[in-house]
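Peer 1: What shape does this take:
(2 chains)
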Amino acid sequence: MTDALLSVRNLRVEFPTRRGVLTAIDDVSFDIMPGEVLGVVGESGAGKSLTGAAIIGLLEPPGRIAGGEILLKGERIDNLGAEAMRRIRGKRIGMVFQDPLTSLNPLYTVAQQLIETIRTHADISESEARKKAIALLDRVGIPAAARRIDDYPHHFSGGMRQRVVIALALCAEPELVIADEPTTALDVSVQSQIIDLIKEICAERGAAVMLITHDMGVIAETADRVAVLYAGRIAEIGPVRQVITAPEHPYTAGLMGSIPTLTQTDARLVQIPGAMPRLNAIPQGCAFNPRCEKAFDRCFKERPAPVLRDADGRKVACWLYDAIDTPAKEQANG
Amino acid sequence: MLAYIIRRILQSVLVMLVVALVSFALFRFVGDPINSMVGQEASIADREALRDQLGLNDPFLSQFATFVTRAAQGDFGISYRLQQPVMELILSRLPATLELALVSGVLAFVFGVGFGVYTALRRNGWVSNTIMTVSLIGVSLPTFLIGVLLIWVFAVELQWLPSFGRGETVEIGGWTTGFLTPTGRASLILPAITLGLYQMTLIMRLVRAEMLEVLRTDYIKFARARGLSNRAVNFGHALKNTMVPVITITGLQLGSIIAFAIITETVFQWPGVGALFINSVRFVDVPVMAAYLMMIALVFVIINLIVDLLYYAVDPRLRVDRAATRH
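Peer 2: The predicted model follows:
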């Protein structure tokens, strides 16, 4: 696994509070290959966005990385100094946020924000940067880019602003783009356009994408692999086809069952009973045990680790699949 | 844009008229100016003659109309007390007040913004905590007490700075300035600090609160995620957005600096319009009081106008007419 672009190893993110330390992300590991699209799904509060923030080094204090490591092309980036990390942000890892209406500084024109960002990462002249900015805006689908570039953000619609945000995230040609719910705040009609644009433009530049969303449909269409997060832990991770068509973890199965399909004849959608536990009340053993229909003794006592299930690299953290004689367990822990 | 300015100026004229009416009407009830102008032995006939001469027997509206027309031409009549044209009196005192207000305004703004930004960026440092604690004193101590304390420490105990007056002044084209002489500059320090301290702490706390708010916004997070340097994020992006609301308050504070100069001028016997006003109140010198009120109102109106135009320059979202033609 040394050829991974991004490698997250046993990541643990904590929030020290007055009432004790809350663990928001606990022992999360995954890899992103160059050019790959990894979908990260989960309910609100599952730690999706926090994982993204931890990777790019923008955890809000008092949140901190308490354990594990993050490697970018084999080099650790979780313990870099502020200045070294700043050089990685934008240049090697780009980020697209959820709400395009608030992601752009209202007091500067699109040109000013683009040119500033381009010139932060590349030693080129103002006019060269401007040319590059116009070309980028053109590429992300802003009509009449050369004229619109001098407009302020409030002159653009939501979808157009998200295109500008994508241009900004990509203007230093990063190897990895973290898209944190890039379509949640947009009209349904433009959501797929934006997703397609992210996918296309990243493929074109060979950039990998970490697509954070709670929309399984988006994942199914876009991602190569998917990681399902629950209460700050990985429940299941693997190639998108397998995970979607044959989910193994009861939580993933529940998620899949809750998506309406055109052919479905049942009167009601399947619903997972209960709610995700709060960070200060994560149960012992498997975090999903209070909501799991298949839970048995062991689930309440020991916490399952993600175990390799097949040759395609699917891992599931569930005691249901733990046969004592499986050699896979050792492989996953090692 | 032009229509906007014209509209604002018309509004300002209306405000000035209302202030004129209020000040004019109020001062009719302050007391009888004749009593303080003539001696006790003056006969009733003499008093009536003076009353007629001053136009005090005319109907209210015609008195007011005369007042407004003359005021518009800069004529506020003759001071009852000093028997000099009011405009002349005020103009001779104005440089002292304006210089004092300017220096304390600049001090308040520069240090207020500086400390505000510093305490916002280093939120939990001990220097920030010290500044915040000291600023509480600045907010809660009354101006005259600060002035007296400063005089006690720097003029009486240490004897570094003069405790009253303007020092030597130089006259340049009808404007007397204390900036050009050493004693003039030394005399400015204590009153300027006294007058500006409250405003400084106010601006500082406002800047800090606004900046903390701005630093939490998505566009700041996004700017950091793009790898912009801390300097570019804090001063290029955050500070500019912080300044939008700060401009309004600072503008209004500049107005109150001039208005509240009365207290500081009294404490330091500063020969400005504030001191002139206080003396006029004592002698029911209505023309001077009316002119002073009008002057303060005019200052506020002008500053408000400038603030609105600055807003327009800083925040592109307000330039609606241009945006409406796009899309």
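
Peer 1: Show me what from the stretch 201-327 of chain B comes close to chain A.
Peer 2: Residues of the stretch 201-327 of chain B found near chain A (C-beta under 8 Å from any C-beta of the partner chain) are B:217-219, B:221-230, B:232, B:236-237, B:240-241, B:244, B:314-317, B:323, B:326-327. Where you see a C-beta, it was placed from the backbone N, CA and C, and this is true even at glycine.

Peer 1: And the residue lying closest to residue B:155 once chain neighbours are set aside, how close does it get to residue B:268?
Peer 2: Using C-beta to C-beta, 6 or more residues apart in numbering or on different chains and skipping residues adjacent in sequence, the residue nearest residue B:155 is residue B:163, 3.5 Å away. Relative to residue B:268, residue B:163 is positioned 7 Å away (C-beta to C-beta, to the nearest Å).

Peer 1: If we ignore the residues flanking it in sequence, what's nearest the residue of chain A found nearest chain B?
Peer 2: The minimum distance from chain A to chain B, using C-beta to the nearest C-beta, falls at residue A:90 (3.1 Å). Using C-beta to C-beta, 6+ apart and skipping the chain neighbours, the partner closest in space to residue A:90 is residue B:227 (3.1 Å).

Peer 1: go on, residue B:162?
Peer 2: Closest to residue B:162 by C-beta to C-beta, 6+ apart is residue B:187, at 5.0 Å.

Peer 1: Quick check: the one you found is in a helix.
Peer 2: Yes - assessed by DSSP: H, G, I helix; E, B strand; the rest coil, residue B:187 belongs to a helix.

Peer 1: who's in contact with the residue of the stretch 101-250 of chain B found nearest chain A?
Peer 2: For the stretch 101-250 of chain B, the residue closest to chain A is residue B:227, as judged by C-beta to the nearest C-beta, at 3.1 Å. Residue B:227 is in contact with A:86, A:87, A:88, A:89, A:90, A:91, A:117, A:120, A:121, A:172, counting by C-beta atoms under 8 Å, 6 or more residues apart in numbering or on different chains.

Peer 1: Please say which of residue B:163 and residue B:268 ends up with more neighbours.
Peer 2: Per other C-beta atoms under 10 Å in any protein chain shown, whichever of residue B:163 and residue B:268 has more neighbours is residue B:268, with 28 against 19.

Peer 1: Weed out the non-buried ones from the residues of the stretch 201-327 of chain B next to chain A.
Peer 2: B:217-219, B:221-228, B:232, B:236-237, B:241, B:244, B:315-316 (16 or more other C-beta atoms under 10 Å in any protein chain shown).

Peer 1: what's the burial count for residue A:21?
Peer 2: Residue A:21, neighbours per other C-beta under 10 Å, totals 13.

Peer 1: Actually, residue B:86.
Peer 2: Counted with other C-beta under 10 Å, residue B:86 comes out at 26.

Peer 1: ok, now which ones touch it?
Peer 2: So residue B:86 contacts B:76, B:77, B:78, B:79, B:287, B:288, B:291 (C-beta under 8 Å, 6+ apart).

Peer 1: Do me a favour and average the pLDDT over the helix or strand that contains the fifth one.
Peer 2: Okay, so that is residue B:287. According to DSSP states H and E, residue B:287 maps onto helix B:286-314. Over the span of helix B:286-314, the pLDDT mean works out to 84.

Peer 1: Over to stretch A:202-222?
Peer 2: For stretch A:202-222, the mean pLDDT works out to 88.

Peer 1: now that stretch: how far from the chain's centre is it?
Peer 2: Centroid separation for stretch A:202-222 versus its chain: 9 Å, with C-alpha atoms, centre = their mean, to the nearest Å.

Peer 1: Give me the buried stretch members for it, please.
Peer 2: Within stretch A:202-222, the residues that qualify as buried are A:202, A:207-216, A:218-220, A:222, counting by 16+ other C-beta under 10 Å.

Peer 1: Could you tell me which of the residues you listed belong to strands?
Peer 2: Counting by DSSP state E, the buried residues of stretch A:202-222 place A:208, A:209, A:210, A:211, A:212 in strands.

Peer 1: Does the third one touch residue A:176 like I think?
Peer 2: Right, residue A:210. Yes - between residue A:210 and residue A:176 there is a contact under C-beta atoms under 8 Å: 6.6 Å.

Peer 1: what sits in contact with each of the two?
Peer 2: Counting by C-beta under 8 Å, 6+ apart, the contacts common to residue A:210 and residue A:176 are A:6, A:32.

Peer 1: Give me the pLDDT for the nearest residue to residue B:154 once chain neighbours are set aside.
Peer 2: Nearest non-adjacent residue to residue B:154, counting by C-beta to C-beta, 6+ apart: residue B:161, 4.8 Å away. We have a pLDDT of 81 for residue B:161.

Peer 1: before we move on, what about residue B:326?
Peer 2: Residue B:326 is given a pLDDT of 43.

Peer 1: Could I get the full set of strands for the stretch 51-200 of chain B?
Peer 2: For the stretch 51-200 of chain B, the strands defined by DSSP state E, counting those that start in this stretch occupy B:170-172, B:175-177.

Peer 1: For the last one, buried residues please.
Peer 2: In other words, strand B:175-177. Quick answer for strand B:175-177 (16+ other C-beta under 10 Å): B:176, B:177.

Peer 1: partners of it in the sheet?
Peer 2: Partners of strand B:175-177 in the sheet, by DSSP bridges, are strand B:170-172 (antiparallel).

Peer 1: What count of nearby residues applies to residue 114?
Peer 2: Assuming you mean chain A. Around residue A:114 there are 24 other residues, counting by other C-beta under 10 Å.

Peer 1: that's the other chain; I wanted chain B
Peer 2: Close neighbours of residue B:114, defined as other C-beta under 10 Å, add up to 14.

Peer 1: ok, it to residue A:186 distance?
Peer 2: From residue B:114 to residue A:186 the distance is 41 Å (C-beta to C-beta).

Peer 1: Sketch out the helices for the stretch 1-150 of chain B, chain order is fine.
Peer 2: Using DSSP state H, counting those that start in this stretch, the helices found in the stretch 1-150 of chain B span residues B:2-27, B:33-37, B:44-54, B:60-72, B:86-121, B:126-140, B:143-150.

Peer 1: Does anything pack onto the fourth one? Which helices or strands?
Peer 2: Counting contacts by 3 or more C-beta pairs under 8 Å, 6 or more residues apart in numbering or on different chains; DSSP states H and E, helix B:60-72 is packed against helix B:2-27, helix B:286-314.

Peer 1: Which one of the ones you listed lies nearest to residue A:57?
Peer 2: Nearest to residue A:57 among the helices and strands packed on helix B:60-72 is helix B:286-314; the distance by C-beta to C-beta comes to 31.6 Å.

Peer 1: Kind regards, and thank you for your time.
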